[in-house]
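Novice: give me the fold of what follows.
(one chain, ligands or ions: 1)
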Amino acid sequence: MPEVVRVERHGDVALIKVDNPPVNALGLALRAGLLAAFRATEADAAVRAVVLLCEGRTFMAGADIKEFGKPAQAPSLPELVEAIEAASKPSVAVIHGSALGGGLEVALACHYRIATTTAQVGLPEVKLGLLPGAGGTQRLPRLAGVAKALEMIVSGAPIGAAQAVEQGIVDELLDSDLADAGLAYARRLIAEGRGPRRTGERQAHLPDEDCAALIAAKHAEVQKRQPGLFSPLRCVAAVEAATRLPLAEGLKRERELFQECLASAQRAALIHSFFAEREAAKIAGLPADTPLREVRSAAVVGGGTMGVGIALCFANVGIPVKLLEIDGAALERALQRARAIYQASVERGSLSAEARDKRLGLLQGVLDDAALADVDLVIEAVFESLEVKRQVFARLDAVCKPGAILASNTSSLDLDQIAAFTQRPQDVVGLHFFSPANVMRLLEVVRGKATSAEVLASAMHLGKRLKKVAVAVGVCDGFVGNRMIFQYGRQAEFLLEEGASPAQVDKALRDFGMAMGPLAVRDLSGLDISHAIREGQRPRLKPGQTLPTVLDQLFAAGMLGQKSGVGFYRYQDGARAPQDNPALPAMLEQAAALRGIRRQPLSDEHIVERCLFALINEAAQILDEGIAQRASDIDLIFLNGYGFPSWRGGPLFYADSLGLEHVLQRIREFHQRFGAWWQPAPLLERLVAEGRRFADL
Ligand code: T1G
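Specialist: Numbering: from 1, shown residues only. All right, here's what the predicted structure looks like:
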């Protein structure tokens, strides 16, 4: 096994080099190696200073996440960190890439820190349902103050090196070879007689900080914005301990809070999705070295809401993008929408005016599709009609250069049919963005029968460049996410007819953790859209599969949701706050009568089970058909495209946590009571029979 830690002597300076690819994660071997190295340098009288740096692309990126949930093995990270800080010889951490989590905690225990200009530092543990458990909550406030520490630890967001210098986290920037810079800095320390500067010995806040007020304000903010999450409040409590307790007791309190987070189901769910995101990039049968088509320029056909959002995704990452519309007025409206979106970000302070102008400079409106002749990739986001797509793809086939990737943003049409509108179906792929496309992270990459391996790999790689969570899916009605959400929404409407109100259904699912209730979502996207999709599905219904009728009644009454001021809810004078729709109860009585049932009270638990188990049952069917590669891909789709609560890990991780035997038993009961829609998925039955989980697939 290659050495993960090496120590070199450069005169009276010891250079400790870490080499544990891919990200120098602080697994057992590295912790033990570092502890031994620091003990050796401490014992060596000839050593007067220590430099710590990492080989490869980054400084240590944290604890080894794969170790969580397994028995802890000594030496622990806190033990290592304390040994580093206690050393009698000054140590310098040389940071490049990303010093994250335990990696930054190791750097904070070093007495000095220098960094490359492109480096970033952060404590992202909260994103994994944890908190910095090796002194980060106690040492960061001592360097950057309570306000900055709270912001970094509760958000988990990294900061750049220059800002880290401003905050006192990094001492200075370097612009030379890591080892040279580290050795030069260490020799300066020796020459200036500067010894250990222990972060733990500093006061735990900046002089003028009102710690109690800062802690209370952050606590209130977290309770309001992330009520369902377990670890953010414990992050606040750990920082609060730093403001009140001596270091040793603060570290003890931090360990207690860390253990609480480690033991929580939320930690397991959030780490599941961390690895799920990385797993999704691996496609069975697609070699990791599949050649990629470079996307140096793009074009979007259609400047509607989706088209503009998609175009911004490219501009946001520096890819020049053309936006094609049919006439000047439509094009101006599209460009104005783009300018307004960026301007709103500038006014919110999340985008600089300079970045706005740079991005707008990458966006070029065009009216003639001849302008698409040189682009590497075109995405159409035109009206969801096969005839319109046929016309568009026939034109793209005629004007685009050979090798251009031709993509459709269709959410419900057959990609194979669309590909057949061209002479180059192997270059056609689906790129299904979710509205608003420039915000939602999910990208369903739809692989057609003819889509080549190169085009699929290029589309997945593009997804990562666009900072999306790209998930490869097969062709079927609704692909994966929408196909499942159809079942979920249908159950929500059936529940209305059986006795629930829109407010009760939506609240039950919001209480479960969904970002929005299913009926509010329908009102937002428009009941005319839902109605059109449903009419398209009607001919494919299987025997016994009936449809709720309340949507038809609302549609017939011109109640289309927010766009018409009334749908499942009424929106008074254009306000977005939903009120009851007084016309709905009569419609629900009529719908119930049509089904020959009497409406009656329903429990929230029943509502949640009916909606979620419909998702799970459909997902099992999708997996069995091979439309999705793995259960964790489906979890990612719901976590990143449908507002599924992050701390529950996705519908299938949640199903496993409930126990599939229980889930199947309830689905069988629903099948008895509600008929054909609840036919248990054969895969679910097989898993239960074999005592396996979705995670075992
Ligand atoms: N542990 C184990 N494996 C890791 C890892 C980690 N910390 N970070 C990345 N990997 C794997 C990843 O699964 C992938 O594997 C490969 O490395 C490349 O990752 C006590 C408790 C560093 C910004 O949360 O944010 O410290 O798929 O594809 O896009 O206080 O990885 O190749 O087999 O993401 O260039 C806190 C998590 C841990 C940082 C690089 N640290 N990592 O991004 O590569 S908890 C984190 C990242 C902790 C202490 C606490 C990113 C990255 P494979 P990648 P990338």
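Novice: surely residue 301 touches residue 377?
Specialist: No. Using Cβ atoms under 8 Å, residue 301 is not in contact with residue 377; the gap is 11.5 Å. In this view, the C-beta of every residue, glycine as well, is placed from N, C-alpha and C.
Novice: would you map the strands across the stretch 201-350 of the chain?
Specialist: For the stretch 201-350 of the chain, applying DSSP state E, counting those that start in this stretch gives strands covering 298-301, 321-324.
Novice: and these as TSV, adding distance to residue 240?
Specialist: Below are those laid out as TSV (distance: least, Cβ to Cβ, whole Å):
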stretch	distance to residue 240
strand 298-301	48
strand 321-324	47
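Novice: for those, give me TSV that also has mean pLDDT.
Specialist: What follows is the strands of the stretch 201-350 of the chain, written out as TSV (pLDDT from 0 to 100):
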stretch	mean pLDDT
strand 298-301	98
strand 321-324	98
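Novice: what's the most buried one of those strands?
Specialist: strand 298-301 (a mean of 29; mean count of other Cβ atoms under 10 Å).
Novice: show me what that one is packed against.
Specialist: Applying 3 or more Cβ pairs under 8 Å, 6 or more residues apart in numbering; DSSP states H and E, one finds that strand 298-301 makes contact with helix 305-316, strand 321-324, strand 377-380.
Novice: re earlier: which of the strands of the stretch 201-350 of the chain sits closest to the ligand?
Specialist: strand 298-301 (21.9 Å; Cβ to the nearest ligand atom).
Novice: output the strands of the stretch 201-350 of the chain as TSV; include the columns distance to the ligand.
Specialist: Converted to TSV, those look like this (distance: least, Cβ to the nearest ligand atom, whole Å):
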stretch	distance to the ligand
strand 298-301	22
strand 321-324	23
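Novice: out of these, flag the one nearest residue 583.
Specialist: strand 298-301 (39.6 Å; Cβ to Cβ).
Novice: can you give the strand pairings for the closest one, parallel or anti for each?
Specialist: Note on strand 298-301: by DSSP bridges, its sheet partners are strand 321-324 (parallel), strand 377-380 (parallel).
Novice: what's the first-to-last distance across stretch 495-504?
Specialist: Length of stretch 495-504, first residue to last, Cα to Cα, to the nearest Å: 10 Å.
Novice: what does that stretch rub up against?
Specialist: Residues from elsewhere that reach stretch 495-504, judged by Cβ atoms under 8 Å, 6 or more residues apart in numbering: 505, 517, 519-520, 548-550, 568-569, 578, 580-581, 584, 588, 591-592, 595, 597, 599-602, 604, 607, 610-611.
Novice: which of these fall in strands?
Specialist: Among the contacts of stretch 495-504, the residues falling in strands (DSSP state E) are 569, 578, 580.
Novice: if we can go back for a sec, need the winner for burial among the helices and strands packed on strand 298-301.
Specialist: Taking mean count of other Cβ under 10 Å, strand 377-380 is the most buried of the helices and strands packed on strand 298-301, at a mean of 26.
Novice: state the mean pLDDT of the next helix or strand after that one.
Specialist: Once the chain leaves strand 377-380, the next helix or strand it forms, by DSSP states H and E, is helix 386-399. Mean per-residue pLDDT for helix 386-399: 95.
Novice: near the ligand, which residues of this structure?
Specialist: 22-23, 25, 58, 61-66, 77, 98, 100-102, 105, 124-125, 128, 130, 132-134, 136, 275, 278 (Cβ under 6 Å from any ligand atom).
Novice: list buried residues within those residues.
Specialist: The neighbour-count test (16 or more other Cβ atoms under 10 Å) marks 23, 25, 58, 61-65, 77, 98, 100-102, 105, 124-125, 128, 130, 132-134, 136 as buried among those.
Novice: so which of those residues sit within helices?
Specialist: Residues of those located in helices (DSSP state H): 77, 102, 105, 136.
Novice: where does the chain have its least confident helix or strand?
Specialist: Least confident helix or strand of the chain, by mean pLDDT, DSSP states H and E, is helix 527-537 with a mean of 89.
Novice: can you tell me which of the residues of the chain next to the ligand are in strands?
Specialist: Counting by DSSP E, those place 98, 100 in strands.
Novice: quick one, what contacts the closest residue to the ligand within the stretch 401-550 of the chain?
Specialist: Closest to the ligand within the stretch 401-550 of the chain is residue 464: 7.7 Å, counting by Cβ to the nearest ligand atom. Residue 464 is in contact with 281, 470, counting by Cβ under 8 Å, 6+ apart.
Novice: burial measure for the closest residue to residue 557 other than its chain neighbours, as a count.
Specialist: Nearest non-adjacent residue to residue 557, counting by Cβ to Cβ, 6 or more residues apart in numbering: residue 583, 6.7 Å away. By other Cβ atoms under 10 Å, the residues close to residue 583 number 13.
Novice: tell me how far the closest residue in space to residue 600 that isn't next to it in sequence lies from residue 636.
Specialist: With sequence-adjacent residues excluded and distances taken as Cβ to Cβ, 6+ apart, residue 600 is closest to residue 499, at 4.6 Å. Separation of residue 499 from residue 636 (Cβ to Cβ, to the nearest Å) stands at 34 Å.
Novice: residue 179 sits in which helix or strand?
Specialist: helix 178-191.
Novice: my error: substitute residue 354 in the last question.
Specialist: Applying DSSP H and E as the criterion places residue 354 in helix 353-361.
Novice: who's in contact with that helix?
Specialist: Under the contact criterion Cβ under 8 Å, 6+ apart, helix 353-361 has outside partners 312, 315, 316, 338, 339, 342, 343, 345, 346.
Novice: would TSV of the ones in strands among the contacts of stretch 495-504 with pLDDT be doable?
Specialist: Converted to TSV, the ones in strands among the contacts of stretch 495-504 look like this (pLDDT from 0 to 100):
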residue	pLDDT
569	96
578	90
580	94
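Novice: which of those residues tops the neighbour count?
Specialist: Sorting the ones in strands among the contacts of stretch 495-504 by how many neighbours each has (other Cβ under 10 Å) puts residue 569 first, at 25 neighbours.
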